[in-house]
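Enquirer: need a structure here:
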Amino acid sequence: MLLIKNAKIYTMANEIIEEGDILIDKGKIVAVGRSLEAEGEIIDARGLVALPGLIDCHSHIGGMNFSNNRIIDDANEMTNNITPDVQAIYGTDIDSEDFMYAYRNGITSLGITPGSGNVVCGLAFAAKSYGDNIFDMTIKNPVALKVALGGNPKGVYGRRNQEPSTRMSIPGIIKDLLRRAKEYMEKKEEAIEKGTDLPEYDKKLEAVIPVLKREIPLKIHCTQFDMLTAIEIAKEFHLDFTLEHAWGAGDYMEEIVESGCGVVFGPLGSRKSFGEARLIDIESVVELDKRGVVTALTTDAPLLSIDTLIHHAGEAVREGLEVERALRMITINPAKILGIEDRVGSIEKGKDADIVLFQGLPAYNTNARVVKTIINGKIVYSL
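Expert: Numbering: from 1, shown residues only. The predicted model follows:
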């Protein structure tokens with residue numbers, strides 16, 4: 001057993017416990033409260049802040065690697081603009097130093113997604129940031145089907161004089177795939193009901209069926225007016241979805257709120273310039289949260305370093321967001337977006353023992369730093 005004593009616990013379950021204790025056994029949280037006693041290792045966390053392990057629900061670490069003077073991209077299968085059946089898990093290199101940067105900075109869970117070079121990019125999964133086998137590290141696979149609107153796929157295929165070379169072509173490609181998948185699914189269901197032959201197996205359409213059944217959401221890379229396109233597509237096919245990056249969300253607040261989607265905003269450290277990055281309206285996350293939209297923050301690592309996630313939350317606080325609300329955007333909210341809130345994202349009995357001890361309150365104290373990171377009840381980093 002492992003017992004953390006006397007910490008200020010931000011449970012992310014609508015409770016802050018002063019001088020609280022967390023009891024851990026067999027990788028799980030078995031009790032949270034005060035004056036707990038148990039046999040085993042004891043960590044005196046007096047003066048420290050305990051948070052659930054941080055979560056970045058939109059990253060490419062392990063699939064993209066920009067370290068050691070080399071560029072590796074195993075997250076974009078850019079031979080075909082429609083690749084719904086490829087899985088990010090098979091392109092993930094756990095020897096990437098980005099995993100170490102993650103857990104050393106308190107990030108214990110990750111949503112790892114294909115890149116956005118294609119219109120339909122592939123299947124994302126959720127994993128812990130520490131381990132030596134990506135399949136053992138995996139929490140849930142898949143968690144979403146990634147698609148991309150706007151400049152990324154347009155830029156990749158337009159340079160080749162292939163479709164899509166314009167923004168207006170992209171929605172049609174996505175809708176056509178969804179229609180074909182819907183017809184395929186209905187033919188399968190009819191054949192099973194009647195006992196007739198199934199349609200010829202199609203691995204691309206099979207990958208879309210969980211989206212149509214609302215078992216997983218569409219994870220839609222979009223900015224600017226593409227957010228309205230994303231909402232329109234999801235509404236037509238009655239899909240669950242998230243808006244990813246969502247720079248400029250403040251211009252479409254009513255539509256986003258009405259759609260009921262989640263928003264994964266960021267990265268906040270991108271440069272404000274022409275095109276897709278022209279409007280990084282950090283203040284919009286404050287309004288999204290106020291209006292009840294489940295909002296998470298992302299570094300888009302390794303596009304920005306994974307260890308900047310805390311700084312992203314701090315920027316949201318600088319724009320007027322309450323500290324605890326900002327911390328929700330890097331803990332329980334991304335867990336909900338990934339569909340893994342039953343295991344991670346808050347400090348509650350029965351959940352995975354992913355705990356981070358901070359000196360100082362992150363997102364508020366600029367010098368806050370990680371003292372210990374615990375994943376599945378194991379101390380994986382100590383300052």
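Enquirer: Could I get the pLDDT score of Ala335?
Expert: For Ala335, the model assigns a pLDDT of 98.
Enquirer: Which helix or which strand is home to it?
Expert: helix 332-338 (DSSP states H and E).
Enquirer: now for that helix, which elements pack on it?
Expert: Using 3 or more C-beta pairs under 8 Å, 6 or more residues apart in numbering; DSSP states H and E as the contact definition, the elements that helix 332-338 packs against are strand 54-59, strand 107-112, strand 138-148, strand 262-265, strand 295-297. For the C-beta atoms, the positions are set from N, CA and C on the backbone; glycine is no exception.
Enquirer: repeat that for 6 Å
Expert: Judged by 3 or more C-beta pairs under 6 Å, 6 or more residues apart in numbering; DSSP states H and E, the packing partners of helix 332-338 are strand 54-59, strand 295-297.
Enquirer: ok, the longest one: who's next to it in the sheet?
Expert: Spelled out, it's strand 54-59. For strand 54-59, the paired strands and their directions (DSSP bridges) are strand 107-112 (parallel).
Enquirer: Check what contacts the strand it pairs with and list those residues.
Expert: Applying C-beta atoms under 6 Å, 6 or more residues apart in numbering, the contact partners of strand 107-112 are 53-59, 88, 92, 124-129, 309, 338, 344, 354, 375.
Enquirer: Now with 8 Å, please.
Expert: Outside strand 107-112, the residues that touch it by C-beta atoms under 8 Å, 6 or more residues apart in numbering are 53-63, 88-89, 92, 102, 124-130, 139, 143-144, 306-307, 309, 334-335, 337-338, 340, 344-345, 354, 356, 373, 375.
Enquirer: what does stretch 201-214 give?
Expert: Identification of contacts with stretch 201-214 by C-beta under 8 Å, 6+ apart yields 82-85, 123, 142, 145, 177-178, 180-182, 184-185, 216-218, 237-240.
Enquirer: at 6 Å instead, please
Expert: Stretch 201-214 has contacts (C-beta under 6 Å, 6+ apart) with Pro84, Asp85, Leu145, Ala181, Lys182, Tyr184, Met185, Ile216, Leu218, Asp240.
Enquirer: Could you pull up the residues touching the first one?
Expert: With contacts defined as C-beta under 6 Å, 6+ apart, the neighbours of Pro84 are Val120, Leu145, Lys204, Ala207, Val208.
Enquirer: hmm, try it at 10 Å
Expert: Taking C-beta atoms under 10 Å, 6 or more residues apart in numbering, we find Pro84 in contact with 114, 118-123, 145-147, 177, 181, 203-209, 211.
Enquirer: how about the helices and strands packed on helix 332-338 in JSON lines, adding mean pLDDT and mean neighbour count?
Expert: Shown next, in JSON lines, are those (pLDDT from 0 to 100; neighbours: other C-beta atoms under 10 Å):
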{"stretch": "strand 54-59", "mean pLDDT": "98", "mean neighbour count": "30"}
{"stretch": "strand 295-297", "mean pLDDT": "98", "mean neighbour count": "30"}
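Enquirer: can you list those strands in JSON lines and add distance to Leu279?
Expert: Putting those into JSON lines (distance: least, C-beta to C-beta, whole Å) gives the following:
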{"stretch": "strand 54-59", "distance to Leu279": "19"}
{"stretch": "strand 295-297", "distance to Leu279": "17"}
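Enquirer: Nearest to Glu190, out of those strands?
Expert: Taking C-beta to C-beta, strand 54-59 is the member of the helices and strands packed on helix 332-338 nearest to Glu190, at 36.4 Å.
Enquirer: Mind listing residues that contact the helix or strand just after the closest one?
Expert: Counting by DSSP H and E, the next helix or strand C-terminal to strand 54-59 is strand 64-65. Applying C-beta under 10 Å, 6+ apart, the contact partners of strand 64-65 are 71-76, 91-93, 95-98, 115, 300-303.
Enquirer: now for the helix or strand following the helix holding Ala335, which elements pack on it?
Expert: Using DSSP H and E, the next helix or strand after helix 332-338 towards the C-terminus is strand 355-359. Helices and strands touching strand 355-359, by 3 or more C-beta pairs under 10 Å, 6 or more residues apart in numbering; DSSP states H and E, are strand 2-10, strand 16-25, strand 49-52, strand 107-112, strand 369-375, strand 378-382.
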